[in-house]
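**Student:** Provide a 3D model corresponding to the input given below.
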Amino acid sequence: RIKPEYSYLYPVAPAVAASLFINWDLWATVSALAAIYYFDKKKYEASSIWLGISIATKFFPIVFLLPIAIIFYKRNKIKEFYLYLFRTVLITLAFNLPLAIVYFDGWWRFFKLNLNRSDDFGSIWYALNLLGFKIPGINYLYTTLTVALFIALAIFLFKLRTTPNLAQVAFFAVAIFTTTSKVYSPQYVLWLTPLAVIALTKSNQQISFWFWQATEITYHLGVWQYLAGYTGASFGLPSGAYAIASILRVVGLLTFTYFLLREISVRSTVKSG
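**Tutor:** Numbering: from 1, shown residues only. The predicted structure is shown next:
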């Protein structure tokens, strides 16, 4: 169950405050949270509509479909999942098709950019490259690692003795997506933080939450200082320091993720015992 007493963590997280007005990610986050809220209320029609809107706004919420499918399966509601998926796709297409028809090149540019992109700012791949680790075939490795981690998440969810709420597990799907991604923009913290907040179930998890948030704000400050070097500024952050800040951010995220996974596993065992 979502713990409303932890909601204050979102607006006071410094990296969130610093990223609010970068791009339009905040709006996709609002609709994604609405989709989670209605899903856990078992109002699947409303949830699928909001998820379709969220995917059309910013593509990342598509990863919610994995935990959604598993939750439906564990509840023996396969038919409801197909209806949910159909409505989500329909809403997403309703927003995308008019743009694709009228201005295909502009619409396709987003997908083409992400398909062809090499290692870019903020990603673990870019950080390793800066540190001298040249990684060939990055698209293959990125795809393989992403698929492997999503399979691992699916196995974890299937093995739970109880069926979790979407609010408890949506964070993990987005954490995988952002960790393996070929780019990590500062505003991605707007996606992760609210999902992290609604996944919290115990007050002692806040220690790992704030450790992660500290690494996020460190990265946020570091990326702008690193980019300043591209303008010839004398105060730009060296590439090695920026790479370390990027890796530290991933370590912070994985640490917090570990404690969430452990708590869900323990709670599932206790409830079924």
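**Student:** Any stretches of the chain with poor pLDDT?
**Tutor:** Applying pLDDT under 70 to the chain picks out residues 1-4, 270-273.
**Student:** residue closest to the middle of it?
**Tutor:** Most central in the chain under C-alpha atoms, centre = their mean is V174, positioned 2.4 Å from the mean C-alpha point.
**Student:** quick one, what contacts that one?
**Tutor:** Counting by C-beta atoms under 8 Å, 6 or more residues apart in numbering, V174 touches F60, V63, W191, L192, L195. All C-beta atoms are positioned from the backbone trio N, CA, C, and that covers glycine.
**Student:** In helices, which of those fall?
**Tutor:** If you go by DSSP state H, those have W191, L192, L195 in helices.
**Student:** Who wins on neighbours among the contacts of V174?
**Tutor:** Tallying neighbours with other C-beta atoms under 10 Å puts L192 at the head of those, with 26 neighbours.
**Student:** And the spatially closest residue to it that is not a sequence neighbour, how close does it get to L83?
**Tutor:** Excluding the flanking residues, the one nearest L192 by C-beta to C-beta, 6 or more residues apart in numbering is V174, at 5.9 Å. From V174 across to L83, the span is 24 Å (C-beta to C-beta, to the nearest Å).
**Student:** Tell me, domain by domain, which residues of this structure belong where.
**Tutor:** Domain segmentation of the chain under automatic domain parsing yields 23-116, 118-273.
**Student:** Return the member of the ones in helices among the contacts of V174 nearest to K202.
**Tutor:** Among the ones in helices among the contacts of V174, L195 lies closest to K202 (C-beta to C-beta), at 16.7 Å.
**Student:** which residue packs closest to the closest one, ignoring adjacent ones?
**Tutor:** F171 (3.9 Å).
**Student:** Just the C-alpha atoms of the helix or strand encompassing the one you found, please, in CSV.
**Tutor:** Assigned by DSSP states H and E, F171 belongs to helix 166-180. Extracted in CSV, the C-alpha atoms of helix 166-180 (Å, rounded to 0.1, in the frame of the first residue of the first chain):
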residue,chain,number,x,y,z
LEU,A,166,2.2,-1.9,-9.1
ALA,A,167,3.2,0.9,-6.8
GLN,A,168,5.7,-1.5,-5.2
VAL,A,169,7.4,-2.7,-8.3
ALA,A,170,7.1,0.0,-11.1
PHE,A,171,10.3,1.6,-9.8
PHE,A,172,12.4,-1.5,-10.6
ALA,A,173,11.4,-1.5,-14.3
VAL,A,174,12.3,2.2,-14.7
ALA,A,175,15.5,1.7,-12.7
ILE,A,176,16.6,-1.0,-15.2
PHE,A,177,15.7,1.2,-18.1
THR,A,178,17.7,4.2,-16.9
THR,A,179,20.7,2.2,-15.6
THR,A,180,21.3,0.4,-18.9
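**Student:** buried residues in that helix?
**Tutor:** Using 16 or more other C-beta atoms under 10 Å as the test for burial, helix 166-180 gives 166-180.
**Student:** starting at the chain centroid, how far to it?
**Tutor:** The chain centroid and the centroid of helix 166-180 are separated by 5 Å, computed with C-alpha atoms, centre = their mean, to the nearest Å.
**Student:** Same question for stretch 203-210.
**Tutor:** How far stretch 203-210 lies from its chain's middle: 19 Å, per C-alpha atoms, centre = their mean.
**Student:** contacting residues around that stretch?
**Tutor:** Stretch 203-210 has contacts (C-beta under 8 Å, 6+ apart) with Y6, L9, A196, L200, T255, F256, Y258, F259, L260, E263.
**Student:** buried subset of those residues?
**Tutor:** When these are checked for burial by 16+ other C-beta under 10 Å, the buried set is Y6, L9, A196, L200, T255, F256, F259, L260, E263.
**Student:** Where does the fifth one fall, secondary structure wise?
**Tutor:** Right, the one you point to is T255. Going by DSSP H and E, T255 is in helix 239-272.
**Student:** Counting by contacts, list what that helix packs against.
**Tutor:** The contact analysis (3 or more C-beta pairs under 8 Å, 6 or more residues apart in numbering; DSSP states H and E) places helix 239-272 against helix 124-130, helix 166-180, helix 189-199, helix 206-228.
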